[in-house]
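K.L.:
Got a predicted structure here, sequence first:
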Amino acid sequence: EEPSFSDRLRNIRNERHGPTSWVSITLREGKKRQVRKMTSAVGFPTLRLVRVRVGDMRLGSMKPGELRKLCDSEVSQIREAAAT
């Protein structure tokens, strides 16, 4: 099932490129361009990368560049994760 994300401002792929595949990857610690390098290494270059959560905090309907204040429990959760 294809996730529902907003349309891209610029089309980077069309039907002549074949079908689109969506994958879900969970990282505990990400390095620079790690996901793009991993998918490219197996023949599936990343055309769109969408972060849907940070730790256990889902981003939901937040837009790129949007900020929100964290509640006390979220701050505690981040501090605990950083301590391990």
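P.N.:
Structure received.
K.L.:
where does the protein have low pLDDT?
P.N.:
1-3, 7-8, 12-19 (pLDDT under 70).
K.L.:
Longest helix of it, counting residues only.
P.N.:
If you go by DSSP state H, the chain has its longest helix at helix 72-83.
K.L.:
Touching that helix from outside, list them.
P.N.:
55-57, 70 (CB atoms under 8 Å, 6 or more residues apart in numbering). Just so you know, the C-beta spots here come from the backbone N, C-alpha and C atoms, and that holds for glycine as well.
K.L.:
With stretch 27-43 instead?
P.N.:
Outside stretch 27-43, the residues that reach it (CB under 8 Å, 6+ apart) are 23, 25, 45-46, 49.
K.L.:
circling back to that earlier point, tabulate the contacts of helix 72-83 in TSV, adding columns for neighbour count.
P.N.:
As requested, the contacts of helix 72-83 are arranged in TSV below (neighbours: other CB atoms under 10 Å):
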residue	neighbour count
G55	12
D56	9
M57	14
L70	12
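K.L.:
Okay, and which of the residues you listed map to strands?
P.N.:
Residues of the contacts of helix 72-83 located in strands (DSSP state E): M57.
K.L.:
Of the contacts of helix 72-83, which pair is most distant in space?
P.N.:
D56 and L70 (12.1 Å; CB to CB).
K.L.:
Mind exporting the C-alpha coordinates of the helix or strand M38 falls within to PDB?
P.N.:
Element membership of M38 [criterion: DSSP states H and E] is helix 34-41. Once non-C-alpha atoms are left out, helix 34-41 reads as follows in PDB (Å, rounded to 0.1, in the frame of the first residue of the first chain):
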ATOM      1  CA  GLN A  34      23.000   6.100   5.000                       C
ATOM      2  CA  VAL A  35      19.500   5.200   3.700                       C
ATOM      3  CA  ARG A  36      20.300   6.600   0.200                       C
ATOM      4  CA  LYS A  37      23.600   4.600   0.100                       C
ATOM      5  CA  MET A  38      21.900   1.400   1.300                       C
ATOM      6  CA  THR A  39      19.100   1.400  -1.200                       C
ATOM      7  CA  SER A  40      21.400   2.400  -4.100                       C
ATOM      8  CA  ALA A  41      23.700  -0.500  -3.300                       C
END
